[in-house]
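Colleague: sequence and predicted structure below; questions after.
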Amino acid sequence: MNIHRVTGDLVATHRTPSLAEKSLRVVEDSRGDLEVALDPVGAKPGDFVITIGISAARIAAGDPRITTDLTIGGIIDHWSEERWRD
Amino acid sequence: MNIHRVTGDLVATHRTPSLAEKSLRVVEDSRGDLEVALDPVGAKPGDFVITIGISAARIAAGDPRITTDLTIGGIIDHWSEERWRD
Amino acid sequence: MNIHRVTGDLVATHRTPSLAEKSLRVVEDSRGDLEVALDPVGAKPGDFVITIGISAARIAAGDPRITTDLTIGGIIDHWSEERWRD
Amino acid sequence: MNIHRVTGDLVATHRTPSLAEKSLRVVEDSRGDLEVALDPVGAKPGDFVITIGISAARIAAGDPRITTDLTIGGIIDHWSEERWRD
Amino acid sequence: MNIHRVTGDLVATHRTPSLAEKSLRVVEDSRGDLEVALDPVGAKPGDFVITIGISAARIAAGDPRITTDLTIGGIIDHWSEERWRD
């Protein structure tokens, strides 16, 4: 899993049915690279989150037919943030 | 998932049967690296899109026998484009 | 598999059910990049460990329903540590 | 999928049974990094090809028991080659 | 698949049952990055090998319950070694 920080949402009205009506967040890693994660836990911008990739992402979404390759698996309460390279 | 921008099409007449007659788009990420994505949603050059990888790419293609590892899952209407590193 | 060094734990009280109550470690690779690994073997900070990714991570967790994409598969006793780029 | 250019063949007489007698090509990406791809389409050195990774590679090989993680899925006729960073 | 060079073994007595008693090799790629591969073919330090990743790694191990994400699939006899960036 990776550590990402939520930067915001994105709006994509034209989607495949398998992603319809899911909450998507734009997240960044410690290098500033952006990815898009499915969010079943309700993270907010600025939250540090654990993100789950690979086939586990679909299982973590609650339904393996949801076509995600990155899903937020938890909101981090405490960790060594000084390792984050701002 | 990742955020890509569609740069164009490519023509590949000699394909494996599992990719036959599918729409393929050349997409670039924010670093300018190119990949090829299956497009079931009808994106156009210049569109920012959400791309889905891993085994979810096959499911998003509408048929898991389609041999794609990257599928366009939606066209982005609004996001913080200033994060794109042109 | 990769070689990681355990750097510490993280606390994430708000998790998806599929990760509930599992031990998670923050690990770093030889470039200093951080990831989060499920730990079924009881590694301690400073330990060099073998980490298993992809779908094998779920099997190594002991239950393929556990939504991990990185699982600690062993604690390394001896290896050529001079290859580690501190 | 990715765009690779075929650079040559390699000879590996000592193989696992699951790769026995398959055609393998050394391919390079636009950064010059090398990988090895299974070739069911008959590509030649210098050809630009579409390569398929992840579990789709095994399906594209024509038999999911073939242990490939990268399979050539088509030979590209036309694309914007000026994007290739020689 | 990738091309790796075997650099040595590692000793890990404390392992998950799914990796128990398997031969593991430390391998490096052309950039000098290290990974750990399961070795069912008997490679020796200095050998150039083809390595298989993703779910194909488990199949190449001879038993999909073996939790590897990288398995040596063959020993290379001949290839363009001048492409290796020492």
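Modeller: Cool, the structure landed. Residues are numbered from 1 along each chain as shown, chains lettered A, B, ... in the order given.

Colleague: distance between the lowest-mean-pLDDT helix or strand in chain A and the chain's centre?
Modeller: Lowest on mean pLDDT, DSSP states H and E among the helices and strands of chain A sits strand A:14-15, with a mean of 89. Centroid displacement of strand A:14-15 relative to its chain, using C-alpha atoms, centre = their mean, to the nearest Å, is 19 Å.

Colleague: hmm, it in reach of chain B?
Modeller: Yes: with C-beta under 8 Å from any C-beta of the partner chain as the criterion, chain B is reached by strand A:14-15 at A:14-15. In short, each C-beta sits where N, CA and C put it, glycine included.

Colleague: what lines up beside that strand in the sheet?
Modeller: strand B:70-75 (antiparallel) (DSSP bridges).

Colleague: got a list of contacts for the partner strand?
Modeller: A:12-16, A:18-19, A:67, B:1, B:4, B:6, B:25, B:27, B:35-41, B:43, B:47-53, B:56-58, B:60-61, D:1 (C-beta atoms under 8 Å, 6 or more residues apart in numbering or on different chains).

Colleague: from those, which would you call buried?
Modeller: A:12, A:14-16, A:18-19, A:67, B:1, B:4, B:6, B:25, B:27, B:35-41, B:43, B:47-53, B:56-58, B:60-61, D:1 (16 or more other C-beta atoms under 10 Å in any protein chain shown).

Colleague: among those, which are in strands?
Modeller: Counting by DSSP state E, the part of those found in strands is A:14-15, B:4, B:6, B:25, B:27, B:35-38, B:48-53.

Colleague: identify, from these, the entry nearest to residue B:77.
Modeller: residue A:14 (7.7 Å; C-beta to C-beta).

Colleague: nearest spatial neighbour of the closest one, chain-adjacent residues omitted?
Modeller: residue B:75 (4.3 Å; C-beta to C-beta, 6 or more residues apart in numbering or on different chains).

Colleague: mind pulling the model confidence for that neighbour?
Modeller: Note on residue B:75: pLDDT of 96.

Colleague: could you check the distance from it over to residue E:79?
Modeller: 43 Å (C-beta to C-beta, to the nearest Å).

Colleague: run a quick neighbour tally on the residue nearest to residue A:14.
Modeller: 19 (other C-beta atoms under 10 Å in any protein chain shown).

Colleague: please apply the same query to the one 4 residues further on.
Modeller: Residue B:79: 21 surrounding residues under other C-beta under 10 Å.

Colleague: now do the contacts for whichever residue of chain A sits closest to chain E.
Modeller: In chain A, the residue that lies nearest chain E is residue A:55 (8.5 Å; C-beta to the nearest C-beta). Listed by C-beta under 8 Å, 6+ apart, the contact set of residue A:55 reads B:54-56, C:55, C:58.

Colleague: closest to residue C:83 among those residues?
Modeller: Out of those, the member with the shortest distance to residue C:83 (by C-beta to C-beta) is residue C:55, at 27.8 Å.

Colleague: for the closest one, phi and psi?
Modeller: Dihedral angles of residue C:55 (phi, psi; degrees, to the nearest 10) stand at phi -60, psi -20.

Colleague: any idea how far it is from residue E:64?
Modeller: For residue C:55, the distance to residue E:64 - C-beta to C-beta - is 9 Å.

Colleague: which residues do these two both contact?
Modeller: In contact with both residue C:55 and residue E:64: residue E:58, using C-beta under 8 Å, 6+ apart.

Colleague: so who does the residue nearest the centre of chain A touch?
Modeller: Central residue of chain A (C-alpha atoms, centre = their mean): residue A:37, 3.0 Å from the mean position. By C-beta under 8 Å, 6+ apart, residue A:37 lies in contact with A:4, A:24-25, A:27, A:49, A:51, A:68, A:70-72, B:1.

Colleague: cutoff 10 Å now
Modeller: A:2, A:4, A:6, A:23-27, A:43, A:49, A:51-53, A:57, A:68-73, B:1 (C-beta atoms under 10 Å, 6 or more residues apart in numbering or on different chains).

Colleague: now residue A:13
Modeller: B:74-78.

Colleague: look up how far residue B:78 lies from it.
Modeller: For residue A:13 relative to residue B:78 (C-beta to C-beta), the value is 9 Å.

Colleague: next: residue A:68.
Modeller: 20 Å.

Colleague: pick out whichever of those two has more residues nearby.
Modeller: Under the criterion of other C-beta under 10 Å, the comparison of residue A:68 against residue B:78 puts residue A:68 first, with 31 against 11.

Colleague: okay, that one: pLDDT?
Modeller: pLDDT, residue A:68: 97.

Colleague: which residues does it contact?
Modeller: Per C-beta under 10 Å, 6+ apart, neighbours of residue A:68: A:18-19, A:22, A:24, A:36-40, A:52-53, A:57-58, A:60-61, B:1, B:52-54, B:56, B:59-60, B:73.

Colleague: check contacts around residue A:64.
Modeller: Residue A:64 sits in contact with A:55-58, B:55-56, B:59, where contact means C-beta under 10 Å, 6+ apart.

Colleague: the same query, at a cut-off of 6 Å, please.
Modeller: residue A:58 (C-beta atoms under 6 Å, 6 or more residues apart in numbering or on different chains).

Colleague: can you confirm it is in a strand?
Modeller: No: with DSSP: H, G, I helix; E, B strand; the rest coil as the criterion, residue A:64 is assigned coil and is not in a strand.

Colleague: what pLDDT does it get?
Modeller: pLDDT, read off for residue A:64, is 87.

Colleague: just residue A:80 next, same as before
Modeller: So residue A:80 comes in at 76 (pLDDT).

Colleague: again with residue A:86
Modeller: 57.

Colleague: burial of the closest residue to residue A:80 other than its chain neighbours, as a residue count?
Modeller: Nearest residue to residue A:80, sequence neighbours excluded (C-beta to C-beta, 6+ apart): residue C:8, at 5.9 Å. If you count neighbours by other C-beta under 10 Å, residue C:8 ends up with 15.

Colleague: tell me which helix or strand residue C:8 sits in.
Modeller: Applying DSSP states H and E as the criterion places residue C:8 in strand C:2-9.
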